[in-house]
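Novice: build me a model:
(2 chains)
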Amino acid sequence: MRQTAARLNRAWLTVLGILLLVAGLAGLLISTGLLVPAARAVGLAVTRPGPTDKLFGAATASAFGLTWVVLVTAIVAVIVALLGLAWLIAQVPRSNEAKPFRLHDDAGTGLTRCEPGVLTDAVEEQIKALPGVNNASAVLRGSSSAPDLTVKVTASERADLTRLLTSIQNTVAADLAGALDTKLNRLGVQVEVDSAKKHAGSITV
Amino acid sequence: MSRNNARSRRLRRRPSRVVPATIVAVVLLAIGSLTAVAAIARLVNGAWATQVTRPARSVSALTWGSSATIVTGAVLALIGLVLLVAGLKLGAFRTARLAAPAGGEVGQTDYVISTRGLAHLAAAQADDVDGVDRVSASASGRKVHVAVTTASEQADRIRERVQAGVAGRLTAAGVSPAPKVTATVRTKGI
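Specialist: Modelled structure (predicted):
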């Protein structure tokens, strides 16, 4: 029910995967001495580096003695660290709940605001009262004129799921739509089923 | 990248690759932070710290043909391949679609059940079959497998009843498309 950064993850994993793969294969080509024949095969006149050359020559060492090179290194490193931190923060799942609904947004006649949490609390209580439901949580997204309701319902193993969905759609969602005086733009329901093993200490009559 | 578009609101999703993304993000953060600290210390003190110069000296002594370089290249290529597969492979759905009931005035509906929930439903149904002692079930979006243990000698008959019962329960629950149900029966020694 919570939203994750799936596309961001896949895009960056692909980009970094390609970079590392190319770098690793290039390193292997140089290390095994295959770079020169491979370059010749594609018409490039590359002669170095070869397997006997040093990884970093004297030029690299002297470059890192220059202040501007160190400064650029520091800036790039800070950018990489910030990107890593931003990517890490993006992994936290978010509910992206709607901002307070503005039921009346004309300052002249009066403003009426409604917290989505108030509505979702009512939705949750209504769903929990349905037969076979052990737990429920709800999130409202969108606007008061086109609300999106997403519900996670934990049902018991014996619950009639078709009847449960019918009740949620035709009663709970209809009541919410009536309260907001609009039609629900979208209704999403994720059903989880509780294992009876978790309630080994209880008995249902 | 917005998470509020129609695709991210769908409940039937493929894996988000959170684990590899978290690992790579932590590695990037660590490399960036350590390098930044070392470079800033160099700018302040006028010389690289010994924690930097010592490993740098040993790396600069390496040649391209050394075994350490070959191993590093192979490891980098392997990690790259793993990340590429993680980024491009779609992965299996972790939910199955449930049919929307008739009636109600809703623009769009999106009803799903988790594969874990499917497995629990299947196990509960199989547990009701006479002769079944123990049940375990696993499910993907398209397949449900039930493994039962029985003390009965009528293993084939129990398997048929388990399969039919579970398939009927999932169809009645509105799982769409109906997953393929398979069952294995292990007979306990009497």
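
Novice: surely residue B:84 meets residue A:14?
Specialist: Yes: contact criterion C-beta atoms under 8 Å: residue B:84 and residue A:14 qualify, at 6.2 Å. For glycine as for every other residue, the C-beta is placed from the backbone atoms N, C-alpha and C.

Novice: these two touch, right, residue B:108 and residue A:183?
Specialist: No: using C-beta under 8 Å, residue B:108 is not in contact with residue A:183, being 10.9 Å away.

Novice: phi, psi of residue 160?
Specialist: All of this refers to chain A. Recorded main-chain torsions at residue A:160 are phi -90, psi 100, according to degrees, to the nearest 10.

Novice: you looked at the wrong chain, it should be chain B
Specialist: Residue B:160 has phi and psi values of phi -60, psi -40 when expressed as degrees, to the nearest 10.

Novice: grab the longest helix from chain B for me.
Specialist: Counting residues, the longest helix found in chain B (DSSP state H) is helix B:18-45.

Novice: where in chain B is pLDDT low?
Specialist: Under the criterion pLDDT under 70, the flagged ranges of chain B are B:1-9, B:189-190.

Novice: where along the chain do the strands fall?
Specialist: No chain was given, so I picked chain A. Counting by DSSP state E, the segments of chain A that form strands are A:101-106, A:110-114, A:133-142, A:147-155, A:184-193.

Novice: that's the wrong chain, I meant chain B
Specialist: Listed in chain order, the strands of chain B (DSSP E) span residues B:95-97, B:106-114, B:132-139, B:143-150, B:180-187.

Novice: possible to save those strands as JSON lines with distance to chain A and mean neighbour count?
Specialist: As requested, the strands of chain B are arranged in JSON lines below (distance: least, C-beta to the nearest C-beta, whole Å; neighbours: other C-beta atoms under 10 Å in any protein chain shown):
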{"stretch": "strand B:95-97", "distance to chain A": "7", "mean neighbour count": "22"}
{"stretch": "strand B:106-114", "distance to chain A": "4", "mean neighbour count": "20"}
{"stretch": "strand B:132-139", "distance to chain A": "10", "mean neighbour count": "18"}
{"stretch": "strand B:143-150", "distance to chain A": "13", "mean neighbour count": "21"}
{"stretch": "strand B:180-187", "distance to chain A": "16", "mean neighbour count": "17"}
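
Novice: now those strands as CSV including distance to residue A:88?
Specialist: Below are the strands of chain B laid out as CSV (distance: least, C-beta to C-beta, whole Å):
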stretch, distance to residue A:88
strand B:95-97, 26
strand B:106-114, 26
strand B:132-139, 32
strand B:143-150, 35
strand B:180-187, 40
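
Novice: closest to residue A:130 out of these?
Specialist: Shortest distance between residue A:130 and the strands of chain B, using C-beta to C-beta, is found for strand B:106-114: 14.8 Å.

Novice: and the closest one with strand A:147-155, angle?
Specialist: Angle, strand B:106-114 to strand A:147-155, by axes from the mean of the first three to the mean of the last three C-alpha atoms, to 10 degrees: 30 degrees.

Novice: other SSEs contacting strand B:106-114?
Specialist: With contacts defined as 3 or more C-beta pairs under 8 Å, 6 or more residues apart in numbering or on different chains; DSSP states H and E, strand B:106-114 has these neighbours: strand A:184-193, strand B:95-97.

Novice: could I get the CA-only coordinates of it as CSV?
Specialist: C-alpha atoms of strand B:106-114 as CSV (Å, rounded to 0.1, in the frame of the first residue of the first chain):
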residue,chain,number,x,y,z
VAL,B,106,-16.2,3.9,-8.5
GLY,B,107,-14.0,5.2,-11.3
GLN,B,108,-11.3,2.5,-11.2
THR,B,109,-10.9,-0.5,-9.1
ASP,B,110,-7.7,-2.4,-8.2
TYR,B,111,-8.2,-5.4,-6.0
VAL,B,112,-5.3,-7.7,-5.2
ILE,B,113,-4.4,-10.4,-2.7
SER,B,114,-0.8,-11.0,-1.6
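
Novice: give me the sheet partners of that strand and which way each runs.
Specialist: strand A:184-193 (parallel), strand B:95-97 (antiparallel) (DSSP bridges).

Novice: need those in CSV (columns: distance to residue A:139).
Specialist: Rendered in CSV, the data for those read as follows (distance: least, C-beta to C-beta, whole Å):
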stretch, distance to residue A:139
strand A:184-193, 9
strand B:95-97, 16
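
Novice: is it true that residue A:112 touches residue A:144?
Specialist: No: counting by C-beta under 8 Å, residue A:112 sits too far from residue A:144 to count as a contact (9.6 Å).

Novice: please list all residues in contact with residue A:88.
Specialist: In this structure, residue A:88 makes contact with B:22, B:25, B:26, B:29, judged by C-beta atoms under 8 Å, 6 or more residues apart in numbering or on different chains.

Novice: count the neighbours of the closest residue to the first one other than its chain neighbours for me.
Specialist: On the basis of C-beta to C-beta, 6 or more residues apart in numbering or on different chains, the spatially nearest residue to residue B:22 that is not a chain neighbour turns out to be residue A:91, at 5.2 Å. A count of nearby residues for residue A:91, using other C-beta atoms under 10 Å in any protein chain shown, gives 18.

Novice: who's in contact with residue A:91?
Specialist: A:4, A:5, A:9, B:18, B:21, B:22, B:25.

Novice: mind putting those in a markdown table, distance to residue B:118 and neighbour count included?
Specialist: Supplementary listing: the contacts of residue A:91 in a markdown table, determined by distance: C-beta to C-beta, whole Å; neighbours: other C-beta atoms under 10 Å in any protein chain shown:
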| residue | distance to residue B:118 | neighbour count |
| --- | --- | --- |
| A:4 | 21 | 20 |
| A:5 | 26 | 24 |
| A:9 | 26 | 26 |
| B:18 | 22 | 16 |
| B:21 | 27 | 26 |
| B:22 | 27 | 15 |
| B:25 | 32 | 21 |
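
Novice: in JSON lines: the residues you listed, plus distance to residue A:175.
Specialist: As requested, the contacts of residue A:91 are exported to JSON lines (distance: C-beta to C-beta, whole Å):
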{"residue": "A:4", "distance to residue A:175": "30"}
{"residue": "A:5", "distance to residue A:175": "34"}
{"residue": "A:9", "distance to residue A:175": "38"}
{"residue": "B:18", "distance to residue A:175": "35"}
{"residue": "B:21", "distance to residue A:175": "40"}
{"residue": "B:22", "distance to residue A:175": "40"}
{"residue": "B:25", "distance to residue A:175": "43"}
